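J.: prediction below, plus the sequence it came from.
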Amino acid sequence: MSENKTSCSCKKSCTGIAVMIGLIVLGMFIGKGLKAIAFQDQYVTVKGLAERDVMANKVVWPLPYKCVSNNMQELYDDIEKNKNIVLSFLKEGGISDNEIIISAPAVTDRLAQSYVPDNVKFRYQAEAVITVISPQVEKVIELMGKQIELMKDGVIISDEYNYQTQFEYTALNDIKPEMVEEATRNARAVAQKFAEDSDSKLGNIKQASQGQFSISSDETTPQIKNIRVVTTVKYSLE
């Protein structure tokens, strides 16, 4: 009878120990699981900027001029004369024929308008435009500074808002990959600093988005283009 009691007591003791060990192991797994879940909710979102200045690689330079006369034939003669002066100026400056667009002149009969001012001295007015579209940006800028030579030859280039010179940069696709890489690298540097300051370890990228590229310029130097892109990256923290 005593042996049966001893055997039963041993079984209960072993069972208790086994249950205790099981609870300890279970607690360890639960602890690790909770820790993993906690870290899943820890992340940092940062932005990385890439920026560079580039020279425009295309320029659109309109040269509008006007002629007035009371005789239609004289008007067209003046238009042709001015056109030839402008073309000579451009070609001597290194602009080729395929970079020049000559628009047909627009002629206005002032006396045929609904309202005729009393001080009209010339009945006909013609406006013509010669446009340079060229990748030779620096050469065109140099010629723009010599427009006074046209005035000396009797050609007055109109300074109107509708005929503003435009500088463009058309090679954005060539530098996009490098700029995105730079922006992402800068974002990671910011995230790494944040992780160090918070006693964490920087994990993998959870989400990333590339912002739009922007191209801008200063009014004083429109030929210099400032290109920017900002990437937003979310990193996990461990």
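T.: All right, it came through fine.
J.: could you point out which element follows the helix or strand encompassing residue 81?
T.: Assessed by DSSP states H and E, residue 81 sits inside helix 72-92. Remark: after helix 72-92, the chain's next helix or strand is strand 100-102, criterion DSSP H and E.
J.: what's in contact with that following strand?
T.: Outside strand 100-102, the residues within contact range by Cβ atoms under 8 Å, 6 or more residues apart in numbering are 83, 87, 90, 128, 130, 131, 132, 133. For the C-beta atoms, the positions are set from N, CA and C on the backbone; glycine is no exception.
J.: the first one against residue 128, yeah?
T.: Going back to what we said before, that points to residue 83. Yes: counting by Cβ atoms under 8 Å, residue 128 is a contact partner of residue 83 at 6.5 Å.
J.: those two: which is more packed in?
T.: When residue 83 and residue 128 are compared for neighbours, residue 128 comes out ahead with 21 against 17, by other Cβ atoms under 10 Å.
J.: which residue sits closest to the spatially most central residue of the chain, ignoring its sequence neighbours?
T.: Closest to where the C-alpha atoms of the chain average out (Cα atoms, centre = their mean) is residue 214, at 2.3 Å. Closest residue to residue 214 apart from its sequence neighbours, by Cβ to Cβ, 6 or more residues apart in numbering: residue 228 at 5.0 Å.
J.: before we move on, the earlier item: format the contacts of strand 100-102 as a markdown table; extra columns: pLDDT and distance to residue 183.
T.: Below are those laid out as a markdown table (pLDDT from 0 to 100; distance: Cβ to Cβ, whole Å):
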| residue | pLDDT | distance to residue 183 |
| --- | --- | --- |
| 83 | 97 | 49 |
| 87 | 97 | 46 |
| 90 | 98 | 41 |
| 128 | 95 | 47 |
| 130 | 97 | 42 |
| 131 | 98 | 37 |
| 132 | 98 | 36 |
| 133 | 98 | 32 |
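J.: for those residues, which one is nearest residue 70?
T.: residue 128 (18.4 Å; Cβ to Cβ).
J.: let's verify residue 119: helix, strand, or coil?
T.: coil (DSSP: H, G, I helix; E, B strand; the rest coil).
J.: that one and residue 110: what is the separation?
T.: For residue 119, the distance to residue 110 equals 11 Å [Cβ to Cβ, to the nearest Å].
J.: so for the two, which residue has more residues nearby?
T.: residue 110 (15 against 5).
J.: from residue 189, how far out is the residue nearest to residue 214?
T.: Per Cβ to Cβ, residue 228 is found 18 Å from residue 189.
J.: make sure the residue nearest to the centre of the chain is actually in contact with residue 179.
T.: No: counting by Cβ under 8 Å, residue 179 is not a contact partner of residue 214; they are 11.3 Å apart.
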